[in-house]
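Test case, fold it:
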Amino acid sequence: MSAGNRWDWACDELLSFNLIRGRSVDDVLRCYGADPSQARTLRRRESDEAFGPPHDKGTVLRAGRAGDWSFCMETWWFPAGSDLVLLRRLSEGTDAIHYFRNLKGGRSVRHVRDGRTMESFELGMEPLAEEETPLGLHRAFEQLAAQRAYGDDGYDEIWCVLSEVTGVPLDTTLVNGPLPTLMLPPGTNTHRSGEYEPSAPATGRPGLGPRIGELPSG
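Numbers count the residues shown, from 1 in each chain. From the prediction side, this is the model:
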């Protein structure tokens, strides 16, 4: 399988993806305000057929687990995964990594630990400063991007880094394979159309990568 094919699933115009250490898939879905008992095990193509347009029905959650990490991805509209309250809940007592691609093509990564932002950056942007962070996501991304010289797209590099850090093979085989899937209606629980308010770094120091005041809602 070519490197490009491994990450085909991540090329959607709008994508919210969360990785959470140590939580079960059911627990992750409950954090989103969903009822795990309503989930159906579907492949990505089956999910698109079952929950396709119109987009005003909400957002489709597809969740899975590999090793110590669970993940939950959203496509379609009204992504809930960037919500501040949700990320605090997901990261309570553990780590959560959030990836967001908006409709304008902007892509951002944020590491949240126990409700606090440890690291955040936008792909293709120069960091404000390089400091040691718990997972070192930006440093690893820049090092891999420099070695491979794939240009400024960054798809391969960021998913390689996230796969290596978490031990989860975030490729098309896993993400487009059979996963618990359900529709989360608009307005569910803490859902606020992709808003994300900044939280202070746990270290109290500036410069943990580029600060993101608010993730774009598209």
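
Now do the end-to-end distance for stretch 62-70.
Stretch 62-70 has its terminal residues 11 Å apart, counting by CA to CA, to the nearest Å.

How far does that stretch sit from its chain's centre?
12 Å (CA atoms, centre = their mean, to the nearest Å).

Then stretch 157-165?
That offset, for stretch 157-165, works out to 12 Å (CA atoms, centre = their mean).

Give me the buried stretch members for that stretch, please.
157-163, 165 (16 or more other CB atoms under 10 Å). No exception for glycine: its C-beta is placed from N, CA and C like everyone else's.

Grab the most central residue of the protein for me.
Phe17 (2.3 Å; CA atoms, centre = their mean).

Quick check: that residue is in a helix.
No: checked against DSSP: H, G, I helix; E, B strand; the rest coil, Phe17 lies outside a helix; its state is strand.

Touching, it and Met73? I think so.
Yes: using CB atoms under 8 Å, Phe17 is in contact with Met73, at 4.7 Å.

Give me the common contacts of those two.
Taking CB atoms under 8 Å, 6 or more residues apart in numbering as the criterion, Phe17 and Met73 both touch Gly81.

and which of the buried residues of stretch 157-165 is nearest Leu135?
Comparing the buried residues of stretch 157-165 against Leu135 with CB to CB picks out Val165 as the nearest, at 5.6 Å.

Would you map the helices across this structure?
3-6, 25-31, 44-50, 84-90, 137-148, 155-166, 172-175 (DSSP state H).

Same list, these, but as CSV with distance to Arg110 and mean pLDDT please.
What follows is the helices of the chain, written out as CSV (distance: least, CB to CB, whole Å; pLDDT from 0 to 100):
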stretch, distance to Arg110, mean pLDDT
helix 3-6, 23, 61
helix 25-31, 16, 96
helix 44-50, 24, 90
helix 84-90, 8, 91
helix 137-148, 9, 75
helix 155-166, 12, 84
helix 172-175, 20, 92
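
what number of residues lie near Leu90?
Residues contacting Leu90 under the criterion other CB atoms under 10 Å number 27.

what residues are up against the nearest residue to it once chain neighbours are set aside?
Leaving aside its sequence neighbours, Leu90 sits nearest to Ala96 (CB to CB, 6 or more residues apart in numbering; 4.5 Å). Shown in contact with Ala96 (CB under 8 Å, 6+ apart): 18-21, 87, 90, 111-113.

if we go to 7 Å?
18-20, 87, 90, 112 (CB atoms under 7 Å, 6 or more residues apart in numbering).

Okay, it and Arg44: tell me how far apart.
Counting by CB to CB, to the nearest Å, the gap from Ala96 to Arg44 is 23 Å.
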